[in-house]
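Enquirer: Fold the stuff below for me.
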Amino acid sequence: MILFVTFRAFCGYQNLLTIPIMLPPKGFMAFALRVASIIVISSVMTSYSSADTAVAERAIIAAGHPLATDAAVDVFREGGNAVDAAVTAALTLGVVDGENSGIGGGCLILIRTADDKLTAIDGREMAPGAAHKDMFLRDGKPVPNASQTGPLASGVPGALAAYDLALRKCGSIKLSRALAPGIKAAADGFVVDASLAGAIRETAGNLKHFDGSRAVFFKPDGEPYAKGDKLIQTDLANTYRQISANGIDWFYRGPFAQTIGDWMAKNGGIITADDFAAYEAKLREPIVTTYRGNHIIGFPPPSSGGVHVAQILKMLQHFDLKSMGQRNPIEASHVIAEAFKLAFADRAYWLGDADFVDVPRGLVDKVYTLRQAQKIDRKRATDVPSHGTPRDWQQDLFERHTTHIAAADAAGNWVAITATVNTTLGSKVIVPGTGVVLNNEMDDFSIYPGMPNAFGLVGAENNSIAPRKRPLSSMSPTIVLDKVGEPVLTLGAAGGPKIITQVVLTIVRVFDFDRPLPEAVAGPRFHHQWKPNAVMHEHNFDANIVEGLRERGHNVEDIGSGGRTQAIARGPDGKLIGVADPRGEGKAAGL
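Expert: Numbers count the residues shown, from 1 in each chain. Just a heads-up that it's a prediction; the model follows:
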């Protein structure tokens, strides 16, 4: 006799799986216990609605807005590669998804080209030359709002320089072609979606303080643009046109830089035209580690993401998560949360711009990560009073609100770009006549020891402010290669420090729990960043696990949404599978 059993699998997947089980004529109690264990696993979590998914043979893109995805697909149709498509999508997002990214912000780009070479391009923002570690202190006390809103909040933007370098080094199209869809969207206008409308509404009080921002995001009657309205950005279209015609020198060493410098001087800012001229995108050495036999390619400092994605995975490698999840999903979630906590304690102390401070490579060393993993008690939450200390920490060193784009093509070019202006609409400043939202990345420095930033993260001296230094980032563009070095996954996320844990959870769900990529992305998420000392979970996280974590000694908090992930995988049949997170307005498409 055959019984059909339907269940949900571990780690939050919406899709119901139905399996046939042969019912034995004897030993029914043993069978019943087996089914009961399946039911326990199945009731762990429910997920978000299905992720937007596409399957393609030649090329694929997943980005945070349909217009950006469509622009990238057009580039594919014209013969462009994955780098061309990803940069085009990023520049288009700077227009239609300007609350999250743009040429007034920064980015990190990770590329695996068809000739098997790895490239990491650092387009992180840079502190102005006049910046200093006490610039956000008044009478010796921190003033956090000054690092989040207004002219002092911005670093020198780096995204445009990074996109230009990516195209020159690994692409096949001109920057002018990549800018074209953004020019059209800015000049002709586009329909405001729920995400942008919400961002304008939530930040309206601050946007109104700046003439340039008010001119862009508010209608003539003084009302903010709302969902369904058509938004035309004439100044931004002109800025894009000037860059298209004159190259990035117009932005970094010409009229744009001078306009920003002049406005800053008159409005209490410290960025100068010389700061723009001094900016350059940097080539970095990617971090290469392993997990379950696969090669994990991550981004080095000033990203903390590459270091700590690798560190967390290397801790988790000492646990049989697959069997643990089948036996006791609460325990599996607890172990993962404890690994998160240990990594973020190290992040707070050790991480910073490796061009300025010593960041030990031992943080991802197998001996150190084993020692850290051994601190995890499977039954109880462990107190983590401070950071750990990797071996050779003095000698073995790294060389001196956000969106993510994932792209891949059949030739073997795989790309991960994470771009940001930091919090929603950055510093809230648009310098009149430019149309460009300026970032508020100065808040990603440690403005005062132990003082949380907008994301609740704390930092130490390694991430203090210094002239021309780049602030620490949680951005985690990641590429996974299989045992023979072939790309099988590219991913990244938006969501501040939750970027790191999103990337880890997706990798664990794919490689430990054998889940399809759409389910791995859509499943409910949880997060721990050491301080505050709490497991933060999405609102639809399974109540049984929440209670189980609480019983193990965790503080547990509901954070609503856990960020947005975009990812691409290579299926067993060789086809490319693109996924845009259902929590956002994104789209995946390909050829």
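Enquirer: Next one, pLDDT for residue 463 please.
Expert: Residue 463 carries a pLDDT value of 86.
Enquirer: That one: neighbouring residues, count only.
Expert: 31 (other CB atoms under 10 Å). For glycine as for every other residue, the C-beta is placed from the backbone atoms N, C-alpha and C.
Enquirer: what sits against the nearest residue to residue 503 once chain neighbours are set aside?
Expert: Sequence neighbours aside, residue 476 is the residue nearest to residue 503 in space, at 4.7 Å (criterion: CB to CB, 6 or more residues apart in numbering). Counting by CB atoms under 8 Å, 6 or more residues apart in numbering, residue 476 touches 298-299, 303, 305-306, 308-309, 418, 492-493, 499-500, 503.
Enquirer: Export those residues to JSON lines and append columns for pLDDT.
Expert: Listed next are the contacts of residue 476 as JSON lines, based on pLDDT from 0 to 100:
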{"residue": "298", "pLDDT": "97"}
{"residue": "299", "pLDDT": "96"}
{"residue": "303", "pLDDT": "88"}
{"residue": "305", "pLDDT": "89"}
{"residue": "306", "pLDDT": "91"}
{"residue": "308", "pLDDT": "92"}
{"residue": "309", "pLDDT": "97"}
{"residue": "418", "pLDDT": "97"}
{"residue": "492", "pLDDT": "97"}
{"residue": "493", "pLDDT": "96"}
{"residue": "499", "pLDDT": "95"}
{"residue": "500", "pLDDT": "95"}
{"residue": "503", "pLDDT": "98"}
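Enquirer: Any chance of CSV for those, columns neighbour count, distance to residue 231 and secondary structure?
Expert: Formatted as CSV, the contacts of residue 476 follow (neighbours: other CB atoms under 10 Å; distance: CB to CB, whole Å; DSSP: H, G, I helix; E, B strand; the rest coil):
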residue, neighbour count, distance to residue 231, secondary structure
298, 28, 36, strand
299, 31, 32, coil
303, 30, 32, strand
305, 30, 31, helix
306, 31, 35, helix
308, 30, 37, helix
309, 29, 35, helix
418, 33, 24, strand
492, 30, 27, strand
493, 32, 26, strand
499, 31, 27, helix
500, 31, 32, helix
503, 32, 32, helix
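Enquirer: out of those residues, who's nearest residue 357?
Expert: Residue 357 lies nearest to residue 303 out of those, by CB to CB, at 14.2 Å.
Enquirer: I'd say the closest one and residue 473 touch.
Expert: Yes - with contacts counted by CB atoms under 8 Å, residue 303 reaches residue 473, the gap being 5.0 Å.
Enquirer: unless I'm mixing things up, residue 68 is touching residue 97, no?
Expert: Yes - if you go by CB under 8 Å, residue 68 and residue 97 touch, sitting 6.9 Å apart.
Enquirer: Between these two, which is the more surrounded one?
Expert: Remark: of residue 68 and residue 97, residue 68 carries more neighbours, 32 against 28, as counted by other CB under 10 Å.
Enquirer: Can you name the residues that contact that one?
Expert: Counted by CB under 8 Å, 6+ apart, residue 68 has contacts 88-90, 92-93, 96-97, 181, 405.
Enquirer: Next: residue 243.
Expert: Residue 243 neighbours (CB under 8 Å, 6+ apart): 103, 160, 175, 179, 250-251.
Enquirer: any idea how far residue 71 is from it?
Expert: 16 Å (CB to CB, to the nearest Å).
Enquirer: Surely residue 379 is in contact with residue 552?
Expert: Yes - counting by CB under 8 Å, residue 552 is a contact partner of residue 379 at 6.6 Å.
Enquirer: So which of the two has more stuff around it?
Expert: residue 552 (21 against 9).
Enquirer: Residue 86 and residue 175, how far apart?
Expert: If you measure residue 86 against residue 175 using CB to CB, the figure is 13 Å.
Enquirer: These two - which one has more neighbours?
Expert: Per other CB under 10 Å, whichever of residue 86 and residue 175 has more neighbours is residue 86, with 35 against 21.
Enquirer: show me where pLDDT drops low in the stretch 251-400 of the chain?
Expert: 385-400 (pLDDT under 70).
Enquirer: Look through this structure and tell me its longest helix.
Expert: Taking DSSP state H as the criterion, the chain has its longest helix at helix 329-350.
Enquirer: Over to residue 62. Which of the three states is it?
Expert: Three-state assignment for residue 62 (DSSP: H, G, I helix; E, B strand; the rest coil): strand.
Enquirer: Renumber starting at 43 from here on
Expert: Fine by me, first position is 43 from now on; the one you just mentioned is residue 104.
Enquirer: what's the spacing between it and residue 255?
Expert: 30 Å.
Enquirer: More neighbours: which of the two?
Expert: Using other CB under 10 Å, the more surrounded residue of residue 104 and residue 255 is residue 104, with 36 against 25.
Enquirer: Once you drop chain neighbours, what's closest to residue 510?
Expert: residue 168 (5.6 Å).
Enquirer: whoops, I mixed them up, residue 363
Expert: Spatially, and ignoring its direct neighbours in sequence, residue 363 is nearest to residue 554 (4.4 Å; CB to CB, 6+ apart).
Enquirer: list residues touching both of residue 345 and residue 515?
Expert: 150, 166.
Enquirer: quick one on the thing from earlier: any chance of the contacts of residue 518 in JSON lines, plus distance to residue 480?
Expert: As requested, those are exported to JSON lines (distance: CB to CB, whole Å):
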{"residue": "340", "distance to residue 480": "28"}
{"residue": "341", "distance to residue 480": "23"}
{"residue": "345", "distance to residue 480": "21"}
{"residue": "347", "distance to residue 480": "23"}
{"residue": "348", "distance to residue 480": "26"}
{"residue": "350", "distance to residue 480": "28"}
{"residue": "351", "distance to residue 480": "29"}
{"residue": "460", "distance to residue 480": "19"}
{"residue": "534", "distance to residue 480": "23"}
{"residue": "535", "distance to residue 480": "23"}
{"residue": "541", "distance to residue 480": "21"}
{"residue": "542", "distance to residue 480": "25"}
{"residue": "545", "distance to residue 480": "27"}
